[in-house]
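S.K.: Need a 3D model of the sequence below.
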Amino acid sequence: MRGVPRQHPPFAPAPGCHERAALRVAVASAVAMGLLVAASAADARTTKIDITSTTIAFGGYSFAGVGQYEKIVGIATGEVDPNDPLNAVITDIQLAPRNAAGHVVYQHNFYILKPLDLSKGAHKVMYEPPNRGGKTFATLNRSSGGNDPGGTITDPVALANAFLWPRGYTMVFSGWENDLGALTSFTATAHFPVIKNSDGSDITGPAYEYIVSSGSSFNLTYPAATLSQDASVAKLTHRVHLDDPPVDVPPTGWAYNAAGTSIHLTTGNFVNNDIYEFSYVAKDPTPNGLGMAVVRDFNSFLRNAAADDLGTANPLAGDVTRIYTEISSQPGRFLNDFVHLGFNEDESHRKVFDGMMQWVAAGDGLNMNYRWSQTSRTNRNRQELLYLEGLFPFANVETFDPISDTTDGRNKKCDATNTCPLKMEFYSSNEYWVKAASLFHTNPAGTVDLPDHPSARLYLLSSKQHGGAGNPANKGSCQQFLNPLDSAQVQRALWIDLDEWSTQGKAPPASRVPRLDKGTLVPVPNPALTNGHYVGIPFVTYTGLKTTRYRANYGPNFYSTYIPTINPPVFSVPLEDNPANGPIYPSYVPTWDSDGNEIAGIRLPELTVPLATYTGWALRSGVWANDGCEGLGQYIPFAKTKALRPFPLPLSRLNSPYCSKNLILSNQYHKIARALLQQRYPMI
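M.R.: Below you'll find the predicted structure:
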């Protein structure tokens with residue numbers, strides 16, 4: 001039946017303390033006897049780990065009950081069999097060069113922080129595929145961050161206050177995006193081969209760059225196939241607003257560098273925040289979907305292997321009982337595709353990740369597994385809209401898509417192989433306005449709410465902007481102050497819930513999202529109803545701007561081959577809600593109360609008795625006014641007294657927190673609410 005998720009077997013109880021101790025002894029014995037998995041040379045997997053540095057982490061700090069941590073840095077080499085059905089889903093993998101075994105070889109770097117004495121650790125891994133090469137664990141871990149945390153974090157007070165290290169978690173980071181930097185750097189990166197035609201000739205095709213930069217030049221993702229600047233092979237356009245008609249920059253106004261790897265204007269720099277778009281014929285694509293096999297195989301190696309092919313010991317051999325992912329934004333969209341395409345099953349048909357903590361990823365995938373893809377791009381309501389991201393299926397459960405006439409779900413493959421991870425899908429209000437997040441929990445026609453998948457829960461953090469907390473004293477490029485709501489405590493609480501779900505079979509809290517059937521998920525309200533102002537506040541502009549998801553036209557056969565012949569896709573202004581740009585998937589936004597704060601989802605104390613209006617969306621200021629301010633939200637503080645109100649309020653709102661009496665009560669409530677939260681989760 002369409003839309004009905006497959007039932008899963010009940011959870012097995014977690015082993016007790018004595019059972020876990022016995023298990024560790026048995027595993028240690030197996031390692032000593034060489035009985036852990038040691039794949040034959042014919043199998044595709046991580047084949048070599050080159051450990052370049054092993055040092056004591058955190059300046060030698062010792063965590064109570066856990067001891068010191070060790071930092072291990074290195075480069076891994078792996079290979080995949082392009083004929084294995086588990087790898088054949090990688091676009092263009094058949095065109096990649098092969099070694100003598102007929103396999104495609106790749107490399108990536110890795111960074112591990114583990115208890116020096118693994119017997120004192122938690123035997124659990126927090127794995128993060130970094131965001132554009134940068135580590136993002138700090139919010140969850142209640143610590144500072146950076147790409148070398150084991151070498152730079154030494155303050156004993158901060159270390160004692162961290163979330164995961166005192167619990168004995170091992171942290172693993174590894175590269176999965178192609179050529180973000182040197183493999184020897186702390187930037188997480190991978191290196192994939194260039195694909196060629198079967199006769200060895202260069203592959204060329206249409207490539208596209210969206211440029212918002214103040215620089216003097218812009219590096220192209222793929223080199224130009226020809227240095228010709230004829231409009232038939234290369235064109236640069238410029239506009240100020242999203243819906244301005246693009247204006248061609250004449251060929252005399254721009255030029256390539258000698259290698260055809262960058263472009264520059266012939267007079268001055270690019271205008272920062274203006275939109276330039278460059279369409280050209282490129283060469284030398286890479287099979288970027290290979291990054292999913294990289295992540296699968298390295299984690300499977302750490303969990304299951306004793307050593308690599310050359311005898312170098314796996315630094316985590318025999319220790320790993322659970323692997324949970326932690327991400328922020330872009331890598332969560334990567335993991336959405338990772339699960340959908342079947343990569344949570346390794347080549348020995350074992351589950352790779354036990355659980356996933358998905359922060360601000362929602363239902364989108366990544367611009368990754370197609371030719372000429374650019375993994376670092378992200379669609380928002382002004383930004384990079386013409387890269388493929390919002391592609392059916394959007395939901396974990398199976399649904400029927402009337403536009404593509406197909407039935408699919410993100411968990412369809414892992415349901416069939418019993419390899420689905422448990423998922424805590426946690427995201428902000430911004431994802432509804434700029435990422436069409438309602439498609440994560442409605443059918444593609446936008447007519448009904450979907451049930452939860454048995455292995456996933458969905459949580460909206462109400463009225464929150466994308467990512468971290470904004471500075472409420474700064475407007476940046478937006479019209480209002482930035483939204484300061486913070487996700488950190490809720491993330492840590494949900495992490496505990498995820499671990500208890502995995503190890504004890506304890507069900508996590510029910511999903512908390514807006515719903516059509518409850519009237520908390522609605523079409524974007526018409527700005528004319530409030531005279532173009534948000535909840536009637538005269539100095540807060542509201543235009544109803546929301547990102548639209550289309551079935552875009554990348555040329556014939558694109559959705560079966562994932563090779564575009566039209567790039568960028570066919571489009572015209574306006575870019576949003578324009579049927580000329582392709583069939584539209586209806587999407588909705590959370591509704592709000594009379595103060596402008598969202599009703600559904602997890603409501604922080606700041607919303608329960610508010611001191612301000614908080615939104616997950618924002619608009620730009622300056623010459624770009626009323627274009628989207630991308631991932632940012634708004635903080636609009638209430639007036640402290642009635643006399644200071646900039647506008648009259650209806651009688652229904654005279655008792656709202658705009659009153660100075662309620663401001664005092666609200667401050668007291670915030671303190672009480674946060675104290676209660678600390679009691680429920682004393683270590684979050």
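S.K.: And the strands in the stretch 101-250 of the chain?
M.R.: With DSSP state E, counting those that start in this stretch, the ranges of strands along the stretch 101-250 of the chain come out as 104-115, 124-128, 170-174, 190-191, 204-211, 217-219, 234-239, 247-249.
S.K.: low-scoring stretches of the stretch 501-650 of the chain, by residue?
M.R.: For the stretch 501-650 of the chain, applying pLDDT under 70 flags the ranges 646-650.
S.K.: at 80 what do you get?
M.R.: Along the stretch 501-650 of the chain, the parts satisfying pLDDT under 80 run over 642, 644-650.
S.K.: Could you report the neighbour count for the closest residue to residue 309 other than its chain neighbours?
M.R.: For residue 309, ignoring the flanking residues on the chain, the nearest one in space by C-beta to C-beta, 6 or more residues apart in numbering is residue 47 at 4.8 Å. All C-beta spots, glycine's among them, are computed from the backbone N, C-alpha and C. Neighbourhood size, residue 47 [other C-beta atoms under 10 Å]: 21.
S.K.: Mind listing what's buried along the strand or helix carrying residue 47?
M.R.: Using DSSP states H and E, residue 47 sits within strand 46-56. Going by neighbour count (16 or more other C-beta atoms under 10 Å), the buried part of strand 46-56 is 46, 47, 49.
S.K.: packing partners for the host helix or strand of residue 334?
M.R.: Per DSSP H and E: residue 334 is located in helix 330-340. Applying 3 or more C-beta pairs under 8 Å, 6 or more residues apart in numbering; DSSP states H and E, we find helix 330-340 packed against helix 290-304, strand 355-359, helix 412-417.
S.K.: Look at the residue nearest to residue 309 and report its pLDDT.
M.R.: The model reports residue 47 with a pLDDT of 97.
S.K.: so it sits right up against residue 99, yeah?
M.R.: No. Residue 47 lies out of contact with residue 99 (C-beta atoms under 8 Å); the separation is 9.9 Å.
S.K.: shared neighbours, the two?
M.R.: Residues touching both residue 47 and residue 99 (C-beta atoms under 8 Å, 6 or more residues apart in numbering) are residue 79.
S.K.: which sections of this structure are below the confidence cut-off?
M.R.: For the chain, the ranges with pLDDT under 80 are 1-44, 642, 644-684.
S.K.: between the lengthiest strand in the chain and strand 170-174, how big is the angle?
M.R.: When the chain is scanned for its longest strand (criterion: DSSP state E), the result is strand 67-80. Computed by axes from the mean of the first three to the mean of the last three C-alpha atoms, to 10 degrees, the angle separating strand 67-80 from strand 170-174 equals 30 degrees.
S.K.: What pairs with strand 67-80, parallel or antiparallel?
M.R.: Applying DSSP bridges, strand 67-80 is found paired with strand 46-56 (antiparallel), strand 62-63 (antiparallel), strand 104-115 (antiparallel).
S.K.: on that earlier part again, let's have the strands of the stretch 101-250 of the chain in a markdown table, adding mean neighbour count and distance to residue 567.
M.R.: A markdown table is the format used below for these (neighbours: other C-beta atoms under 10 Å; distance: least, C-beta to C-beta, whole Å):
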| stretch | mean neighbour count | distance to residue 567 |
| --- | --- | --- |
| strand 104-115 | 23 | 24 |
| strand 124-128 | 24 | 31 |
| strand 170-174 | 24 | 30 |
| strand 190-191 | 22 | 23 |
| strand 204-211 | 19 | 4 |
| strand 217-219 | 15 | 17 |
| strand 234-239 | 19 | 12 |
| strand 247-249 | 13 | 18 |
